[in-house]
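K.L.:
Generate coordinates for the sequence data below:
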Amino acid sequence: MTLLATAVVRLRSAVAWSTNRAPAVEGTERANVVPLAVSAVGRPRVVRREPAIDVVRGLGLFLVIGGAEWGATWFRLLDQPWADGIAGNLGGHVAWEGLHAHDLIFPGLVFVAGLTLPLTVVAQINRGDRRRAVLRHICRRVGGLFLAGLVYNGLLQLPEPSDIRVMGVLQRFGLAWGLAAVVTVVLPCRRRLQGWCVAITVLLVGYWLALRSFAAPGYQPGDLSPAGNWAGWIDRLFLLPGQRFESWGDPEGLLSTLPAVASVLLGAVVGELLVRWRTERPPNREAADTHDDLVGESMLDGPCAGAVSKPSTKAHMHLLLVPGRLVALGTGFLLIGYAWSRSFPMVKQLWTSSFVLVTAGWTTILLAGALLLCGAGWTRPFVRFFTVIGVNAVVVYLASAAVDFGAIGMFVVGGGVTRLVAAGHEAAAELLGLTGGLAVAWWLLWFLDRHRVRLRI
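P.N.:
Modelled structure (predicted):
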């Protein structure tokens, strides 16, 4: 353990990790702060890292590293037809058209990347950083994510250029976030929210018109089949067979990156509204003081810092307005998305416009639930579990490919798995093995978080 701790201390000097820490505030720990606005009394308000965003990101990454299969195995243990249906929905992607719960993971994480734009890029501009410097930072981050994605695809194995997949998950993250961040920098500060909405509309409607107006040669315009869709044909036109994930194209392909930018911008819109709603003060004085005390623990360091011993029901009701507004907003996204899906089906591999809106709606509602969980004292272990995963997203994704946590977990709980298999309880044995692998992965992430190691690109 001492050797591992020493290695972590040395690693901290080479890994980019947050240095913008606020002074110790009761109820918070290691919170990054950036100035965002000026309060009504003229004192600067400071936006902190929002734990609810880390919880949503951590939940998505937990499902990526094996949590989805772990949850599906629990349902298979029930040995009921309805439970098997839920297990299939949670543990696997839909074949082409439609939406499974598993299909929400990746677009949800892309949406969460947009949630942080008001807390990062916008905050850098508001505190006076030059736009040219911000653009350089964006380019470096996009390049780093793209390179990390190529490494994930096997770049270090030195394959032939025609045999390495060019696009991928991290590449989509980098390109979509980078283009959305450039749009954010270019837009005037006072018209940023309106500009985001216009860009989202142009991207989603334009993508819909493109796929409805064009198709692969030999197919009718508007064909959305794997071989006939226009986005897949663009991939086949510019990418060699070995550079694509599928023969028809790439699920993270070239043209479908544009609606992914809209996913990031939708997250930015929700993040900006979240900041505004969390920093507005209610008219009632007692509710206002309670608002500053409770909200300040997670996101706002306002001018008022006194604790309220027994806040009134009215004050707590005001704090419930933000999750309620998010639920209403997410429901609006869902209604528009599902209505649009009748003429433009939800296809994850094509990242269709209806798919963007529906996944954004569910993620927004999930964010509302995370806000409620973060505000309740009894949920702290639950919040902590997912926050540990969410703060080291790049480590989680790269480690899921480089480290066989399942094999390590079998080393830990292999004896119990063997006994369960011998007794004929295969599903329980699978569940125990998955639990061991997830426990090992979480312990590693907890260890890194305990020593404040953050791998940032």
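
K.L.:
who's in contact with residue 63?
P.N.:
The neighbours of residue 63, taking CB atoms under 8 Å, 6 or more residues apart in numbering as the test, are 71, 102, 105. Quick note: C-beta positions are derived from backbone N, CA and C, even for glycine.

K.L.:
And the helices in the stretch 1-150 of the chain?
P.N.:
Using DSSP state H, counting those that start in this stretch, the helices assigned to the stretch 1-150 of the chain run over residues 2-12, 51-62, 68-78, 81-91, 105-115, 121-126, 131-152.

K.L.:
same thing with the stretch 301-450 of the chain?
P.N.:
313-319, 321-340, 353-374, 380-390, 393-402, 405-422, 426-450.

K.L.:
burial count for residue 394?
P.N.:
Using other CB atoms under 10 Å, residue 394 has 17 other residues around it.

K.L.:
let me redo that: residue 274
P.N.:
For residue 274, the count of nearby residues is 25 (other CB under 10 Å).

K.L.:
How about residue 456?
P.N.:
Residue 456 has 14 nearby residues by other CB under 10 Å.

K.L.:
looking at this, it is in a helix?
P.N.:
No - the assignment for residue 456 by DSSP: H, G, I helix; E, B strand; the rest coil gives coil, which leaves it out of any helix.

K.L.:
I'd guessed it sits against residue 394; true?
P.N.:
Yes - the pair residue 456 / residue 394 is scored as a contact, 7.2 Å apart, by CB atoms under 8 Å.

K.L.:
Who are the contact partners of the nearest residue in space to residue 92 that is not next to it in sequence?
P.N.:
Excluding the flanking residues, the one nearest residue 92 by CB to CB, 6 or more residues apart in numbering is residue 102, at 5.7 Å. Going by CB under 8 Å, 6+ apart, residue 102 touches 63, 68, 89-93.

K.L.:
out of the residues you listed, which one sits closest to residue 195?
P.N.:
Closest approach between those and residue 195, by CB to CB: residue 63, at 32.8 Å.

K.L.:
how far away is that closest one from residue 108?
P.N.:
9 Å (CB to CB, to the nearest Å).

K.L.:
Also residue 153?
P.N.:
With distances taken as CB to CB, residue 153 is found 22 Å from residue 108.

K.L.:
again with residue 84
P.N.:
Note on residue 84: its distance to residue 108, by CB to CB, is 24 Å.

K.L.:
quick one, what contacts the closest residue to residue 436 other than its chain neighbours?
P.N.:
Leaving aside its chain neighbours, residue 436 sits nearest to residue 409 (3.0 Å; criterion: CB to CB, 6+ apart). Going by CB under 8 Å, 6+ apart, residue 409 touches 433-440.

K.L.:
List only those of those flagged as buried.
P.N.:
Taking 16 or more other CB atoms under 10 Å as the criterion, what is buried in these is 433-438, 440.

K.L.:
got the buried residues for the strand or helix carrying residue 196?
P.N.:
Element membership for residue 196 (DSSP states H and E) is helix 192-213. The neighbour-count check on helix 192-213 (16+ other CB under 10 Å) flags 192, 195-196, 199-200, 203-204, 207-208, 211 as buried.

K.L.:
Next secondary structure element downstream of that helix?
P.N.:
helix 230-238.

K.L.:
Please tell me how far residue 93 sits from residue 359.
P.N.:
Residue 93 is 13 Å from residue 359, by CB to CB.

K.L.:
which helices and strands does the helix or strand hosting residue 183 pack with?
P.N.:
Element membership for residue 183, per DSSP H and E: helix 169-186. When contacts are defined as 3 or more CB pairs under 8 Å, 6 or more residues apart in numbering; DSSP states H and E, helix 169-186 packs onto helix 105-115, helix 121-126, helix 131-152, helix 192-213, helix 257-279.

K.L.:
Rebuild those as JSON lines, extending it with distance to residue 220 and mean pLDDT.
P.N.:
Below are those laid out as JSON lines (distance: least, CB to CB, whole Å; pLDDT from 0 to 100):
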{"stretch": "helix 105-115", "distance to residue 220": "28", "mean pLDDT": "95"}
{"stretch": "helix 121-126", "distance to residue 220": "42", "mean pLDDT": "89"}
{"stretch": "helix 131-152", "distance to residue 220": "34", "mean pLDDT": "93"}
{"stretch": "helix 192-213", "distance to residue 220": "11", "mean pLDDT": "97"}
{"stretch": "helix 257-279", "distance to residue 220": "22", "mean pLDDT": "94"}
